[in-house]
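Undergrad: got a predicted structure plus its sequence, pasted below:
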Amino acid sequence: MGAFYRKTLAALTCLLAASLLLAYACVTRSHLHTPLLPAQGNTLPWHSGGSLDSPAAALAGTTIAIHEDRQRLRFGFRLVPSTAYPFAAADLLFEDRDGKPVHVDLSRYDSVTFGARCAPANTLMLSVPTFDDRVSRRGNLLSYRTPVAFFACTAGRTQVDIDLSRMETPQWWFDMFKLDLSHQAYKLDRVPKIAIGTTFQSPVNIASTVVIDGLVLNGRDYRYLYGLAGILMTAWGGFAVWFFRRHAAALVTDVREKLQKDLPFVAYQQLSLEPHRDKEKAAVLRFIATHYADADMDVDRVVSATGVNRNKLNEILKTELGFTFTAYLNKLRLTEAARLLSESDALAVAEIAYSVGYANVSYFNKLFKEEYGCTPKAFRTACAD
């Protein structure tokens, strides 16, 4: 069995190392980190655009100008209070490789982070309109559910971290479509744009500037983790099947080798008949070979039956066979038990234990496992295979 265990250890080590490397790669790949700046060559192609609360706002003097460079998105605006709440926003309008407007799936992302500088200080909002099957119509962004989150910024750089799963849908949207206000759940799976715009707390009649940098979408792609789980379950399941099959085969081989090895030793029927030059040796070996199955067999009984004193008895067994009396007696009993187990299914394990001299079946099982490396039942199964 030693060769089998060494091979198993080597295979286990290789499988464990491969599992760790694969787990590291999959977990690393599952962490999504998608920068949105610059727009050119981006994983999620987009182009900048501006939006106002209404065409009349432009006529009244509300303006917005957007400049996008390699690392920053800069836009300036001036709000004129032509309405109760004048509004201007810089839009990141998603497009395909041909420049046509598209909806993108942002459902794998759970947050967006960026740095913001505002002059003067301002309170802005980030909105992510998403298509709602109940009311949305393509091309009409007003019909899209538009979750929003608010953030404040000053002339110094402010780091902003927005949880995309906990944004608020404005009440006016529910009012417009007569929807239940309690239905706050949304899914960002069809998003036409991301917008950063003003709020009712933004300054009016003042030229304002906003600079955004480090705009990044963060999330997890659980497909890598599911794939990892599937691969690991298959690999380790296969290893388990291989181990049990190979272990059974190795156990069968080991059992047969032990039985073959014990054949010369266990020839107790012949042993009692073989001539010995030393009569004391012959008497001791013959008596033990013919009475080993007696449950009350002990040293005193051998001494009494053969007339050989205790010291001489132990010397004979140690010199002749290399065993103490107890070890030799157990060897004979266990070898006979192994023979009975391998040759017949008719006898129960307890019956075999009693027949070879063990009154305690649990003790017999313990000694048998120490001798053969498996329980009597497993030994019988291995022999049958």
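TA: Nice, thanks for sending it over.

Undergrad: which strand residues bridge Tyr109?
TA: Taking DSSP bridges, one obtains Gly219 as the residues bridged to Tyr109.

Undergrad: state the distance from it to Leu188.
TA: Counting by C-beta to C-beta, to the nearest Å, the gap between Tyr109 and Leu188 amounts to 7 Å. Every residue, glycine included, has its C-beta placed from N, CA and C.

Undergrad: identify the contacts common to these two.
TA: The contact sets of Tyr109 and Leu188 overlap at Leu164 (C-beta atoms under 8 Å, 6 or more residues apart in numbering).

Undergrad: quick one: the strands in the stretch 1-150 of the chain?
TA: Assigned by DSSP state E, counting those that start in this stretch, the strands in the stretch 1-150 of the chain fall at 31-35, 46-52, 63-68, 72-78, 88-94, 109-119, 122-127, 148-153.

Undergrad: for these, which has the smallest mean pLDDT value?
TA: Lowest mean pLDDT within the strands of the stretch 1-150 of the chain: strand 63-68, at a mean of 78.

Undergrad: quick one, that one and strand 88-94 angle?
TA: The directions of strand 63-68 and strand 88-94 differ by 40 degrees, with axes from the mean of the first three to the mean of the last three C-alpha atoms, to 10 degrees as the criterion.

Undergrad: run the chain-centre distance for strand 63-68.
TA: Its chain's C-alpha centre and that of strand 63-68 lie 48 Å apart, by C-alpha atoms, centre = their mean, to the nearest Å.

Undergrad: specify the angle between that strand and strand 46-52 in degrees.
TA: Using the same axes, to 10 degrees: strand 63-68 against strand 46-52 is 170 degrees.

Undergrad: show me what counts as buried in strand 63-68.
TA: For strand 63-68, burial by neighbour count (16 or more other C-beta atoms under 10 Å) applies to Ile64, Ile66, Glu68.

Undergrad: nearest to Arg333 among these?
TA: Glu68 (89.6 Å; C-beta to C-beta).

Undergrad: doesn't Ser48 make contact with the closest one?
TA: Yes: taking C-beta atoms under 8 Å as the definition, Glu68 is a contact partner of Ser48 at 5.0 Å.

Undergrad: who touches both of these two?
TA: Common neighbours of Glu68 and Ser48 (C-beta under 8 Å, 6+ apart) are Ala39.

Undergrad: separation between Asp98 and Asp132?
TA: As judged by C-beta to C-beta, Asp98 and Asp132 stand 27 Å apart.

Undergrad: between the two, which one's more packed in?
TA: Asp132 (20 against 7; other C-beta atoms under 10 Å).

Undergrad: pLDDT at the residue lying closest to the more buried one once chain neighbours are set aside, what is it?
TA: Once flanking residues are discounted, Asp132 sits nearest to Arg145: 4.4 Å by C-beta to C-beta, 6 or more residues apart in numbering. On pLDDT, Arg145 comes in at 96.

Undergrad: just checking, Arg145 touches Val128?
TA: No: using C-beta under 8 Å, Arg145 is not in contact with Val128, being 9.4 Å away.

Undergrad: and of the buried residues of strand 63-68, the nearest to Asn365?
TA: Using C-beta to C-beta, Glu68 comes nearest to Asn365 of the buried residues of strand 63-68, at 79.0 Å.

Undergrad: grab the nearest non-local neighbour of Asp163.
TA: Leaving aside its sequence neighbours, Asp163 sits nearest to Ser111 (C-beta to C-beta, 6+ apart; 5.5 Å).

Undergrad: quick check: the gap between the one you found and Leu329.
TA: Ser111 is 75 Å from Leu329, by C-beta to C-beta.

Undergrad: looking at the two, which is more packed in?
TA: Higher neighbour count among Ser111 and Leu329: Leu329, with 20 against 14, using other C-beta under 10 Å.

Undergrad: pLDDT score for the more buried one?
TA: On the pLDDT scale, Leu329 gets 90.

Undergrad: name the helix or strand for it, please.
TA: Taking DSSP states H and E as the definition, Leu329 sits inside helix 325-343.
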